[in-house]
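[1] All I have is the shape, not the residue letters:
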């Protein structure tokens with residue numbers, strides 16, 4: 001192994017360790033804002049009634065990541081527009097959950113929610129959660 005390869009490996013390890021210490025939010029905020037800007041789904045979510053509106057989990061504190069993974073997976077299965085953005089969000093949430101990068105958002109890997117909301121409410125919850133982290 002030559003010196004440049006060794007320095008590359010050390011630099012990569014340093015980046016991973018720095019990234020593991022914080023809950024990166026800029027990419028998530030950017031994608032969520034794009035989805036909110038282009039989303040027109042503001043219909044009321046009724047869990048008991050048959051509705052064409054998606055009902056997504058609004059998480060309890062400490063269960064945000066698991067619920068964000070679950071909600072974005074549901075959005076992907078529903079073939080909503082902007083699938084590539086939703087897919088990126090889903091991967092980011094899964095990565096943060098699996099690597100335990102956001103300890104305050106992931107006490108467990110099970111989604112426990114206070115209520116369910118429509119797409120706009122779900123995206124707004126993601127946005128407010130990550131804006132709070134970004135302060």
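    Noted; the coordinates are in hand. Small disclaimer: the values here were computed from a predicted structure and weren't measured.
[2] Could you measure from the nearest residue to residue 63 once chain neighbours are set aside over to residue 131?
    Excluding the flanking residues, the one nearest residue 63 by CB to CB, 6 or more residues apart in numbering is residue 112, at 4.5 Å. Bear in mind the C-beta positions are built from the backbone N, C-alpha and C, glycine included. Remark: distance between residue 112 and residue 131 (CB to CB, to the nearest Å) = 22 Å.
[3] what's the answer for residue 54, then?
    Distance check for residue 54 against residue 131: by CB to CB, it reads 23 Å.
[4] neighbouring contacts of the helix or strand harbouring residue 36?
    Element membership of residue 36 [criterion: DSSP states H and E] is helix 26-38. For helix 26-38, contacts defined as CB atoms under 8 Å, 6 or more residues apart in numbering pick out 81-82, 85-86, 88-89, 92-93, 120, 123-124, 126-127, 130-131, 134.
[5] of those, closest to residue 104?
    residue 130 (11.4 Å; CB to CB).
[6] related to what we said a few turns ago, take the contacts of helix 26-38 and keep only those in helices.
    85-86, 88-89, 92-93, 120, 123-124, 126-127, 130-131, 134 (DSSP state H).
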